[in-house]
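*Asks:* Coordinates for the following, if possible.
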Amino acid sequence: MKKSPDKTLYRILDANFNRTKEGLRVCEDLCRYVWDQKTLTRAFKDLRHEITEIIMQLGFHQALEARHIQGDVGRGTSVSESKRKDIHAVFWANTQRIKESLRVLEEVAKLIDAGESSKLKVLRYKVYALEQKAISIR
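*Replies:* Now for the predicted structure:
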């Protein structure tokens with residue numbers, strides 16, 4: 001049964017949904033254009049579509065309405081985000097971003113819909129496996 005979450009929960013969902021999709025897209029493009037890995041490319045793309053389906057169930061429109069970019073106190077870029085050693089570091093940073101944001105989505109979704117939260121956990125473990133597979137191929 002869905003509870004009635006407040007706007008702040010949807011703000012968290014919005015930020016982490018965006019982080020997840022952005023990170024997945026970076027990994028997908030690296031697998032596609034840098035490493036020519038068709039299977040990994042498809043896997044990251046499929047995950048992007050799966051996360052979209054989940055956020056639609058959790059309330060995409062509420063999340064979008066809760067977005068408050070101007071009031072985001074953590075909007076700045078950290079020094080570590082400004083520097084990357086090589087393309088492998090870009091991939092690694094983005095897999096970390098994906099896993100972390102999926103964990104936040106999973107935890108917050110528990111307050112809205114436990115079933116969707118469980119799906120997010122499954123996605124997080126898929127990312128763990130894809131990360132390991134990508135590292136072994138490169």
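*Asks:* number of nearby residues for residue 122?
*Replies:* Residue 122 is flanked by 12 other residues according to other C-beta atoms under 10 Å. Just so you know, the C-beta spots here come from the backbone N, C-alpha and C atoms, and that holds for glycine as well.
*Asks:* can you check residue 125 too?
*Replies:* Burial measure for residue 125: 11 neighbouring residues, criterion other C-beta under 10 Å.
*Asks:* which stretch of helix or strand covers it?
*Replies:* Under the assignment given by DSSP states H and E, the secondary-structure element containing residue 125 is helix 114-137.
*Asks:* what's the answer for residue 57, then?
*Replies:* Using DSSP H and E, residue 57 maps to helix 38-58.
*Asks:* follow-up on the earlier one: return the distance of the helix holding residue 125 from the chain's centre.
*Replies:* Between the centre of helix 114-137 and the centre of its host chain there is 10 Å, according to C-alpha atoms, centre = their mean, to the nearest Å.
*Asks:* Which secondary structure elements does that helix sit against?
*Replies:* The criterion is 3 or more C-beta pairs under 8 Å, 6 or more residues apart in numbering; DSSP states H and E, and the helices and strands that helix 114-137 contacts are helix 38-58, helix 87-109.
*Asks:* TSV for the ones you listed, including mean neighbour count?
*Replies:* Output for those, formatted as TSV (neighbours: other C-beta atoms under 10 Å):
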stretch	mean neighbour count
helix 38-58	17
helix 87-109	19
